[in-house]
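Novice: Pasted the sequence and its predicted model underneath.
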Amino acid sequence: MTAYLRSPEFSRSSFADVRFEKLLDGFTPSFEFEPVNPLPESEFVDRLRRIRREAIIAGHDVILVHADSIGSYRVSNSYLRYMCDWTREGVLVVPTDDDKPLTMFSFFSSSVLLPPAGEPVLVDDIWQVGTWGRETYNRPGKTVNKVVQAVSEFLQREGLAVSQIGLIGDATSTGYWNGLKAQLPKSSFVAAEAIIDRMQRVRSPKEQEIVRAAAQLADIGIQAAYHVVRPGVTDYEIYAAFTYAQMSRGGESGDGYQIGINRYGTHCGKPYGHIVRDGDLINLYISSVLYHGYSAQIARMIAVGSITDKQEEVLQMCVDGVKNAAALLKPGRLISEVANASFEPYIERGYLSSADSRTMPYNWAAGDDGSPRLVQRKHVVDEDWERQGRKLMHVYPATDGPHNPNVGHSVSMPKFSNYNIQSNNHDKLEEGMTLVLHSQWLEPEVAGCNVGDCYLITDTAAENLSCHTPLEPHRVKL
């Protein structure tokens, strides 16, 4: 039996009454989830057409798209999934000429071509390069070098050895690109990520359906968490209830969110065995619920029993911040105007002097002069952590403020660059954008809050995609 179950709160008699599998007994969401099919092939045909057109304008003869494995069957970016719905690692060769097929060089090690997303859309040939190494495979060589050799030989066979090559990837792509530059010295290599980055700022109608469904999954998970929260329950069980509720309906992952519990509202954490008690503030920061490759993000707070007047003020301030910003959402509105409106409740209450993101204090900021900020060293008592033989010896975060100097950002596929909702972003909102507005404040050992909703910009205003759970804190009465 784990350490937290040996606590006084979990006597043998109470443990028998609170079997984990029974916590969700009687749970029914307040609405019925509406599943959505994966994107149709026609969506990828249109993307390929647009990407090839931009490549022609840029002078590229061929584009290489790369994503690498980062462990646990995850990849370093979403470029391949956006291009052809391939969820694993590989290098995709995309000739600019539309009469030439797409070719994939993959080096996955523990998967076969099976759904979900096991068959790349629009790709003719898949070459399995394999994985290499003496210790694991007893084959001398390195996978990166073998991929470089395979791709360069293919480009030479296709008459593309002397070309302008557009590169779409990330930091993990560097070894592959450097190897290809050495193999093809007469070619020029040009970063081309901006082609896809621009395209995915606005969601198509089919994409909007998927993001809406992802937000519904998040709402159902929140409702399941509310169902199980009570004194004596652990953060493990709350996290598991959320996870079961959304993944049993089609969510792709149970690791795209955080739970923070203590008496001060700390957010952005993972479960560690905290036992819910009177006076706890619980933050469910749903930073990503994935559905068919697209994510939704929302945040909710739970107040257990009695909390302080200061904590009530911070909770209301953050709720007001989201509502102020949401009231301005519509096509043509400056993003900076939305951000500035969100911080008006902070300024009115004296928590901030300005909405300027450059000068605003925030939790992870360095010193005012740019030098490192020392995190206060102090023993912060946490009986649930100390029961496991550890101690918390620093006060996090290092300074008061919102979590970030903004009120949100775009919501998209994992690892794409976000645009932020902050004072220096003077772009205009466009129909089809999906974004999260999350208002936060954290004052160490005093009060904290993080609440937010996911929105779709419509033709006239905005749709709240996370409308099935109220933005206001959920109350657990004792």
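Specialist: All right, it came through fine. Numbers count the residues shown, from 1 in each chain.
Novice: Residue 307 versus residue 313, what's the distance?
Specialist: Going from residue 313 to residue 307 by C-beta to C-beta, to the nearest Å gives 10 Å. For every residue, glycine as well, the C-beta is placed using N, CA and C.
Novice: Please apply the same query to residue 449.
Specialist: Residue 449 is 11 Å from residue 307, by C-beta to C-beta.
Novice: hey, what's in contact with both of those two?
Specialist: When contacts are counted by C-beta atoms under 8 Å, 6 or more residues apart in numbering, the set common to residue 449 and residue 307 consists of residue 281.
Novice: who has more neighbours, the two?
Specialist: Taking residue 449 and residue 307 together and counting by other C-beta atoms under 10 Å, residue 449 has the greater number of neighbours (29 against 21).
Novice: what about the strands in the stretch 51-200 of the chain?
Specialist: 62-67, 69-71, 74-75, 90-95, 102-106, 123-128, 164-168, 188-191 (DSSP state E, counting those that start in this stretch).
Novice: Per the annotation, how does the chain divide into domains?
Specialist: According to automatic domain parsing, the chain is divided into the following domains: 3-30+202-476, 41-199.
Novice: May I see the ones you listed arranged in TSV, with mean pLDDT as well?
Specialist: Listed next are these as TSV, based on pLDDT from 0 to 100:
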stretch	mean pLDDT
domain 3-30+202-476	93
domain 41-199	92
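Novice: Spatially central residue in the protein, please.
Specialist: residue 288 (4.0 Å; C-alpha atoms, centre = their mean).
Novice: would that residue count as being in a helix?
Specialist: No - looking at residue 288 with DSSP: H, G, I helix; E, B strand; the rest coil, it is strand, so not inside a helix.
Novice: how close does it get to residue 26?
Specialist: 28 Å.
Novice: Burial check on residue 119, number of neighbours?
Specialist: Counted with other C-beta under 10 Å, the neighbours of residue 119 add up to 13.
Novice: ditto for residue 197
Specialist: 16.
Novice: Turn the strands of the stretch 51-200 of the chain into JSON lines, columns for mean neighbour count and distance to residue 335.
Specialist: Formatted as JSON lines, these follow (neighbours: other C-beta atoms under 10 Å; distance: least, C-beta to C-beta, whole Å):
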{"stretch": "strand 62-67", "mean neighbour count": "24", "distance to residue 335": "29"}
{"stretch": "strand 69-71", "mean neighbour count": "13", "distance to residue 335": "31"}
{"stretch": "strand 74-75", "mean neighbour count": "20", "distance to residue 335": "29"}
{"stretch": "strand 90-95", "mean neighbour count": "24", "distance to residue 335": "32"}
{"stretch": "strand 102-106", "mean neighbour count": "21", "distance to residue 335": "35"}
{"stretch": "strand 123-128", "mean neighbour count": "15", "distance to residue 335": "37"}
{"stretch": "strand 164-168", "mean neighbour count": "22", "distance to residue 335": "26"}
{"stretch": "strand 188-191", "mean neighbour count": "14", "distance to residue 335": "25"}
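Novice: Including distance to residue 43, could these go into JSON lines?
Specialist: As requested, the strands of the stretch 51-200 of the chain are arranged in JSON lines below (distance: least, C-beta to C-beta, whole Å):
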{"stretch": "strand 62-67", "distance to residue 43": "17"}
{"stretch": "strand 69-71", "distance to residue 43": "26"}
{"stretch": "strand 74-75", "distance to residue 43": "20"}
{"stretch": "strand 90-95", "distance to residue 43": "16"}
{"stretch": "strand 102-106", "distance to residue 43": "15"}
{"stretch": "strand 123-128", "distance to residue 43": "15"}
{"stretch": "strand 164-168", "distance to residue 43": "18"}
{"stretch": "strand 188-191", "distance to residue 43": "25"}
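Novice: Figure out which of these is closest to residue 280.
Specialist: Of all these, strand 74-75 sits nearest to residue 280, with 32.0 Å by C-beta to C-beta.
Novice: Would you mind pulling the contact partners of the closest one?
Specialist: The contact list for strand 74-75, computed with C-beta under 8 Å, 6+ apart, reads 67, 68, 69, 81, 87, 88, 89.
Novice: Also stretch 59-68?
Specialist: For stretch 59-68, contacts defined as C-beta under 8 Å, 6+ apart pick out 51, 55, 75-81, 83, 88-96, 151, 155, 160, 163-170, 172-173, 176-177, 180, 190, 192, 195.
Novice: hmm, 6 Å instead?
Specialist: Stretch 59-68 has contacts (C-beta atoms under 6 Å, 6 or more residues apart in numbering) with 55, 75-77, 79-80, 83, 89, 91-92, 94-96, 160, 163-169, 172-173, 176, 192.
Novice: May I have it as CSV, with CA atoms only?
Specialist: The C-alpha coordinates for stretch 59-68 follow below in CSV (Å, rounded to 0.1, in the frame of the first residue of the first chain):
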residue,chain,number,x,y,z
GLY,A,59,11.7,29.1,-55.3
HIS,A,60,11.8,25.7,-53.7
ASP,A,61,12.2,22.6,-55.8
VAL,A,62,11.4,20.3,-53.0
ILE,A,63,10.4,20.5,-49.3
LEU,A,64,11.6,18.2,-46.6
VAL,A,65,9.4,17.8,-43.5
HIS,A,66,10.8,16.3,-40.4
ALA,A,67,9.6,15.2,-36.9
ASP,A,68,11.8,13.2,-34.5
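Novice: Wasn't residue 230 part of a strand?
Specialist: No - under three-state DSSP, residue 230 falls outside any strand and is assigned coil.
Novice: List the beta-bridge partners for the closest residue to residue 326 other than its chain neighbours.
Specialist: Closest residue in space to residue 326, ignoring its immediate chain neighbours: residue 437 at 5.9 Å, by C-beta to C-beta, 6 or more residues apart in numbering. Beta bridges link residue 437 to residue 408, residue 453, judged by DSSP bridges.
Novice: Would you agree residue 437 is in contact with residue 324?
Specialist: No - if you go by C-beta atoms under 6 Å, residue 437 and residue 324 don't touch, sitting 9.4 Å apart.
Novice: which one of those two has more residues nearby?
Specialist: Taking other C-beta under 10 Å, residue 437 and residue 324 do not tie; residue 437 has more neighbours (30 against 19).
Novice: who's in contact with the more buried one?
Specialist: 322, 325, 326, 407, 408, 452, 453.
Novice: Identify each buried residue in the helix or strand harbouring residue 213, please.
Specialist: Element membership of residue 213 [criterion: DSSP states H and E] is helix 205-228. When burial is assessed from 16 or more other C-beta atoms under 10 Å, helix 205-228 yields the following buried residues: 207-228.
Novice: what about residue 217, distance to residue 416?
Specialist: According to C-beta to C-beta, residue 217 stands 20 Å off from residue 416.
Novice: Which one of the contacts of residue 437 sits in the busiest neighbourhood?
Specialist: That'd be residue 407 among these, by other C-beta under 10 Å, with 32 neighbours.
Novice: mind listing the helices in the protein by residue range?
Specialist: For the chain, helices defined by DSSP state H occupy the ranges 12-17, 41-58, 79-84, 134-137, 143-157, 174-183, 193-199, 205-228, 235-247, 309-326, 335-342, 344-348, 383-386.
Novice: So which bits of the third one are buried?
Specialist: Pointing back at helix 79-84 there. 79, 80, 81, 82, 83, 84.
Novice: Format these as JSON lines; extra columns: distance to residue 470.
Specialist: Converted to JSON lines, the buried residues of helix 79-84 look like this (distance: C-beta to C-beta, whole Å):
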{"residue": "79", "distance to residue 470": "37"}
{"residue": "80", "distance to residue 470": "38"}
{"residue": "81", "distance to residue 470": "33"}
{"residue": "82", "distance to residue 470": "34"}
{"residue": "83", "distance to residue 470": "39"}
{"residue": "84", "distance to residue 470": "40"}
